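Undergrad: no sequence on hand, only this structure:
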């Protein structure tokens, strides 16, 4: 909708007499300059991603050829085959999947009611609690690492995927609650009142009227949690010790060898690890951008 | 869920049909209802955030090592851990590096993020294509991005070296991550690449809220591009800009993956920041007390930044 506005503005500007205006390039030159800058920014942003894909599709001899060529001479799927025939990769992917789903389900269930109550009800702490949640997000992971290590060790949960769930909740839950509260505060509560007039209890009104309306927000929060859990490295690399419990990011970093690294296989693994995130992102781009960007700047 | 289904629940007397959730309708039940809904989140946050934070700060004052954990002999040592940290020459280097790392990252990400937001905030053919491309670094998982850059920096067959030679910037292949003079800056470039799109998103969202009429008025008064930016647009988005600055600061201080997966702080601590130093104290030396001392100092710095962040959000809500 702002496209129309921009055209309107430009039309206005062209109609203006040009007075007291500093030096300006002629319009076509300015336009060319803008496109040139955009292309530079585009290439700069996309190139490493391109390079990852290009490397993953090369034969081994070509990867270690000097000078490297920008475009692969021949496309080969050997790296993907090498990666996928090993049982390890599937194990890592399964671990990542289990962990991601568990953390997402738990954080959404817990944050949805809290976010709603904070947005809807006035009670003792209904103003302080959301701020408290936001503070909770700011604690540096390095400060939490040590007590987590001591606790997990004490409970015998070191080197366990399930032991990572509470650790990840500390990293996700506060912001989930904060974002959920933001989404619920946009739902028109007159609908809830109407439902209660019709004889719903508060819980039924929440469950049947409010929750379905807040679905886009819930999807955004769930996706946000999924992406971050899928990508997490620091806690997993500290608390997971045995190879068969590694998640995908850990498995990838484990492919770095002390003397030599098989970069073709590693980049193929990178492509496969990034693929679900990219797919989710491009399907839900609008939700996520407004959810995360908006949630961060809106109250 | 039509309203028919709901009206069924009202008894002829006008009272609610009883269900298990009716207990929350009146009296005591109504009062505890919001607390019950908040309770699970509160309990979890107290358990996995608040308690560990205090416990982490406390362990900065205790002698916590693998040995003392095993024997149960964790004793209070006052400021001993801090003294030992200050006596370590690497601590000074890590502090200087952290400062360089934070300043370079925050300044570059804000300047580039603002420039990109201004460029993308216009209706031009193909702008959606450019915006999607520019968001790619933000979307790629951090570990994948860092490992890709590590591969591009390869000293013998890395594409970064090849491109820089072709552009005439360097004469010969250079071990960017292996040279103490360049390691920190090489990692910084990756981190700027990864972090800028998020700043751009925040600022683009803010720009889209600037009323057209203000910019039009400035154009009518004959303000040129730079003056319009400085006197009209920037004041309008100043709160979002400050929020972006504080967020970038926090994310940079907490950026572990980039440094750890490219250099592990090396060579010779040339890219060591306080985070990686604390990590090494804790999980290489297993001196958790010293690690907590460094973490506590970082935490104090971040609390100051967080306070600023919250003040800004409140100011924005008051607008």
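TA: Received, thanks. These figures come from a predicted structure and were not determined experimentally. Numbers count the residues shown, from 1 in each chain, chains lettered A, B, ... in the order given.

Undergrad: please make it C-alpha for all contacts and neighbour counts, starting now.
TA: OK.

Undergrad: how about the residues of the stretch 151-300 of chain B near chain A?
TA: B:151-152, B:156-159, B:162, B:193, B:201-202, B:205, B:212, B:216, B:219-220, B:222-224, B:240, B:243, B:250, B:254, B:256-257, B:261, B:275, B:278-279, B:282-283, B:288, B:291-292, B:295-296, B:298-299 (C-alpha under 8 Å from any C-alpha of the partner chain).

Undergrad: show me where the stretch 151-299 of chain A has its helices.
TA: A:161-184, A:190-197, A:202-205, A:211-213, A:215-231, A:234-239, A:248-254, A:263-288, A:294-297 (DSSP state H, counting those that start in this stretch).

Undergrad: need the winner for burial among those helices.
TA: Stretch with highest mean neighbour count among the helices of the stretch 151-299 of chain A: helix A:161-184 (a mean of 24; mean count of other C-alpha atoms under 10 Å in any protein chain shown).

Undergrad: hmm, which of the residues of the stretch 151-300 of chain B next to chain A are the buried ones?
TA: For those, a neighbour count by 16 or more other C-alpha atoms under 10 Å in any protein chain shown gives the buried set as B:151-152, B:156-159, B:162, B:193, B:201-202, B:205, B:216, B:219-220, B:222-223, B:240, B:243, B:250, B:254, B:256-257, B:261, B:275, B:278-279, B:282-283, B:288, B:291-292, B:295-296, B:298-299.

Undergrad: so where is chain B shaky, pLDDT-wise?
TA: Residue ranges of chain B with pLDDT under 70: B:1-17, B:223, B:306, B:309-310, B:313-314, B:316-319.

Undergrad: 50 - rerun?
TA: B:1-9 (pLDDT under 50).

Undergrad: center of the chain - which residue?
TA: Picking chain A for this. In chain A, the centroid-proximal residue (C-alpha atoms, centre = their mean) is residue A:227; its distance is 4.0 Å.

Undergrad: chain B, not that one
TA: Note: chain B centre (C-alpha atoms, centre = their mean) maps to residue B:251, 2.1 Å.

Undergrad: run the chain-centre distance for the strand or helix carrying it.
TA: Using DSSP states H and E, residue B:251 falls within helix B:238-253. How far helix B:238-253 lies from its chain's middle: 8 Å, per C-alpha atoms, centre = their mean, to the nearest Å.

Undergrad: for that helix, buried residues please.
TA: B:239-253.

Undergrad: lowest confidence element among the helices and strands of chain A?
TA: None of the helices or strands of chain A scores lower by mean pLDDT, DSSP states H and E than helix A:294-297, at a mean of 43.

Undergrad: so what would you say the end-to-end distance of stretch A:202-216 is?
TA: End-to-end distance for stretch A:202-216, by C-alpha to C-alpha, to the nearest Å: 22 Å.

Undergrad: element containing residue 81, please.
TA: Unless you meant another one, I'm taking chain A. Per DSSP H and E: residue A:81 is located in helix A:78-85.

Undergrad: that answer is for a different chain, and I need it for chain B
TA: Assigned by DSSP H and E, residue B:81 falls in helix B:80-87.

Undergrad: residues of the next helix or strand after that helix that come out buried?
TA: Next helix or strand after helix B:80-87 toward the C-terminus (DSSP H and E): helix B:89-120. For helix B:89-120, the buried set under the neighbour-count rule, 16+ other C-alpha under 10 Å, comprises B:90-91, B:93-95, B:97-98, B:100-102, B:104-106, B:108-110, B:112-114, B:116-120.

Undergrad: for whichever residue of chain A sits closest to chain B, give me the pLDDT.
TA: Proximity of chain A to chain B (C-alpha to the nearest C-alpha) peaks at residue A:114, 4.2 Å away. Looking at residue A:114, its pLDDT stands at 90.

Undergrad: kindly report the same for residue A:132.
TA: With respect to pLDDT, residue A:132 has a value of 78.

Undergrad: which strand or helix spans it?
TA: Secondary structure from DSSP H and E places residue A:132 in helix A:128-138.

Undergrad: touching chain B at all, stretch A:231-250?
TA: Yes. Counting by C-alpha under 8 Å from any C-alpha, chain B has neighbours in stretch A:231-250: A:231, A:233-234, A:238, A:249.

Undergrad: now that stretch: how far from the chain's centre is it?
TA: Mean-position distance between stretch A:231-250 and its chain equals 18 Å (C-alpha atoms, centre = their mean).

Undergrad: likewise stretch B:197-210?
TA: On C-alpha atoms, centre = their mean, the centre of stretch B:197-210 falls 17 Å from the chain's centre.

Undergrad: now stretch A:136-153
TA: Put simply, stretch A:136-153 sits 21 Å off its chain's centre (C-alpha atoms, centre = their mean).

Undergrad: now that stretch: average pLDDT?
TA: Confidence for stretch A:136-153, expressed as mean pLDDT, is 86.

Undergrad: circling back: what helices and strands are in contact with the helix holding residue B:81?
TA: Counting contacts by 3 or more C-alpha pairs under 8 Å, 6 or more residues apart in numbering or on different chains; DSSP states H and E, helix B:80-87 packs against helix B:288-318.

Undergrad: the helix it packs on packs against which elements?
TA: Looks like helix B:288-318 contacts helix A:128-138, helix A:141-155, helix B:51-59, helix B:80-87, helix B:238-253, helix B:274-283 (3+ C-alpha pairs under 8 Å, 6+ apart).

Undergrad: figure out which of the ones you listed is closest to residue B:74.
TA: Closest of those to residue B:74 is helix B:51-59, at 9.2 Å (criterion: C-alpha to C-alpha).

Undergrad: quick one: is the closest one near chain A?
TA: Yes. Using C-alpha under 8 Å from any C-alpha, helix B:51-59 reaches chain A at B:52-53, B:55-57.

Undergrad: now the residues you listed in a markdown table, with neighbour count?
TA: Formatted as a markdown table, the residues of helix B:51-59 next to chain A follow (neighbours: other C-alpha atoms under 10 Å in any protein chain shown):
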| residue | neighbour count |
| --- | --- |
| B:52 | 22 |
| B:53 | 25 |
| B:55 | 18 |
| B:56 | 26 |
| B:57 | 22 |
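
Undergrad: for these, which two are the farthest from each other?
TA: Taking C-alpha to C-alpha as the measure, these have their most distant pair in B:52 and B:57, spaced 8.4 Å apart.

Undergrad: residue B:272 belongs to a strand?
TA: No. Counting by DSSP: H, G, I helix; E, B strand; the rest coil, residue B:272 is located in no strand; its state is coil.

Undergrad: give me the phi and psi for it.
TA: Backbone dihedrals for residue B:272, given as degrees, to the nearest 10, come out at phi -70, psi 130.

Undergrad: verify the stated contact: it with residue B:97.
TA: Yes. Between residue B:272 and residue B:97 there is a contact at 6.6 Å, judged by C-alpha atoms under 8 Å.

Undergrad: show me what the helix or strand following the helix holding residue B:251 is packed against.
TA: Per DSSP H and E, the first helix or strand lying C-terminal to helix B:238-253 is helix B:257-262. Under the contact definition 3+ C-alpha pairs under 8 Å, 6+ apart, helix B:257-262 sits against helix B:142-152, helix B:183-207.
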